[in-house]
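J.: turn this into a structure:
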Amino acid sequence: QVHLIESGGGLIQPGGSLRLSCTASGRTFSRDAMGWFRQAPGKDREFVAGISWNGGNTAYADSVKGRFTISRDNAKNTVSLQMDSLKPEDTAVYYCAADTQHYRPLIIASGYDYWGQGTQVTVSS
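T.: Next up, the predicted model:
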């Protein structure tokens, strides 16, 4: 059975940093694109960042560009999201996702096949 498990969420003050991690089990994702999405209360799930199978291609939402960095370690079957200069509007549940059909990341949620359960990130003073 395939699982994606996110960790690293929590409560952080504005301007602070958090690092989210996503660990996969049950299947290797070393040949798949991976992505991070988020969903705030009352809003649709939105793309945050994506990375190609070998890390050579990344994509970011305009709202996080320059503040967030996505990376992956295929040897450990993990993908991470470093979040700096956090803002209250970054508050959301963050989800890790895997796209087994493409090598490069898509920005639409329907393109992803596997999803984690999500981890809460709250940015508040």
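J.: now the residue nearest the centre of the chain, nearest residue through space, not along the chain?
T.: The chain has residue 36 as the residue nearest its centroid, 2.2 Å off, counting by CA atoms, centre = their mean. In this structure, residue 36 finds its nearest non-sequential neighbour in residue 48, 4.4 Å apart by CB to CB, 6 or more residues apart in numbering. For every residue, glycine as well, the C-beta is placed using N, CA and C.
J.: so how far is the helix or strand where that neighbour lies from its chain's centroid?
T.: Per DSSP states H and E: residue 48 is located in strand 46-51. The chain centroid and the centroid of strand 46-51 are separated by 6 Å, computed with CA atoms, centre = their mean, to the nearest Å.
J.: buried residues in it?
T.: 47, 48, 49, 50, 51 (16 or more other CB atoms under 10 Å).
J.: in its sheet, what does that strand sit against?
T.: With DSSP bridges as the test, strand 46-51 is paired with strand 33-39 (antiparallel), strand 58-60 (antiparallel).
J.: where along this structure do the strands fall?
T.: Secondary structure of the chain by DSSP state E: the strands cover 3-7, 10-12, 18-25, 33-39, 46-51, 58-60, 68-73, 78-83, 92-99, 114-115, 119-123.
J.: which one of those strands lies nearest to residue 105?
T.: Nearest to residue 105 among those is strand 46-51 (2.5 Å), distances taken as CB to CB.
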